[in-house]
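Undergrad: give the three-dimensional model of this entry:
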Amino acid sequence: MSGWKEILKKEGILEVGDFIIEVSIESECPCKDDSIYPAVLIYDIKNEEVYYLDESFEPVSNFKEALEQVFEWFERYINGEKPLMKRSPKKSAPKEVIHRFMEAIKSLK
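TA: Numbers count the residues shown, from 1 in each chain. Presented below is the predicted three-dimensional model:
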C-alpha cells in the first residue's frame, strides 16, 4: 500500500500540497435505508475554503470500504480525471482550485 493510503487509513486525514483531505463516512438522514457513504472534505489552506467531493460513491458498510472507494477515485485523479469538487450543492469549486488540487494529487504517484 502506498504511503499516502496508509496515512488515510490510519488517520483519516492527509495533507498534500495546499490541501488537507479528510475522509469519513456519513449517513443520509432522515435514515431511509441505513445506508452510509464515503465523505471527502477538502480544505484549501491557500484560500481558507472547504470543498467536498461530489462523486457517485456507492453505499458502504464501514470505513474500510469507504477508503477503498476513495482510493479508487484518487487513482483516477492521479491519472488525469477531474474531480467533482463542490463548495455547496449548487456551486462547484473554482477551476483554479480544481487545477491546484489535481496537481497536488499527482504528487502522490
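Undergrad: now the most centrally placed residue in the chain: closest residue in space that isn't a chain neighbour?
TA: By Cα atoms, centre = their mean, the mean C-alpha position of the chain lies nearest to Val40, the distance being 3.5 Å. Residue nearest to Val40 in three dimensions, not counting chain neighbours: Leu53, with 4.1 Å by Cβ to Cβ, 6 or more residues apart in numbering. To be clear about C-beta, it is placed using only N, CA and C from the backbone, and glycine gets the same treatment.
Undergrad: correct me, but the one you found touches Arg76?
TA: No - here Leu53 lies out of contact with Arg76, judged by Cβ atoms under 8 Å, at a distance of 11.1 Å.
Undergrad: show me which of the two is the more surrounded one.
TA: In terms of neighbours (other Cβ atoms under 10 Å), Leu53 is the more surrounded of Leu53 and Arg76; the figures are 22 against 14.
Undergrad: partner strands of the lowest-mean-pLDDT helix or strand in the chain, with direction?
TA: Of all the helices and strands that make up the chain, the one with the lowest confidence by mean pLDDT, DSSP states H and E is strand 19-27; it has a mean of 87. As defined by DSSP bridges, the strand partners of strand 19-27 come to strand 13-16 (antiparallel), strand 36-44 (antiparallel).
Undergrad: closest to Glu26 out of these?
TA: With Cβ to Cβ as the measure, strand 36-44 is the member of those nearest Glu26 (4.3 Å).
Undergrad: got the buried residues for the lengthiest helix in the chain?
TA: When the chain is parsed with DSSP state H, its longest helix is helix 63-78. Applying a neighbour-count criterion of 16 or more other Cβ atoms under 10 Å, the buried positions in helix 63-78 are Ala66, Leu67, Gln69, Val70, Phe71, Trp73, Phe74, Tyr77.
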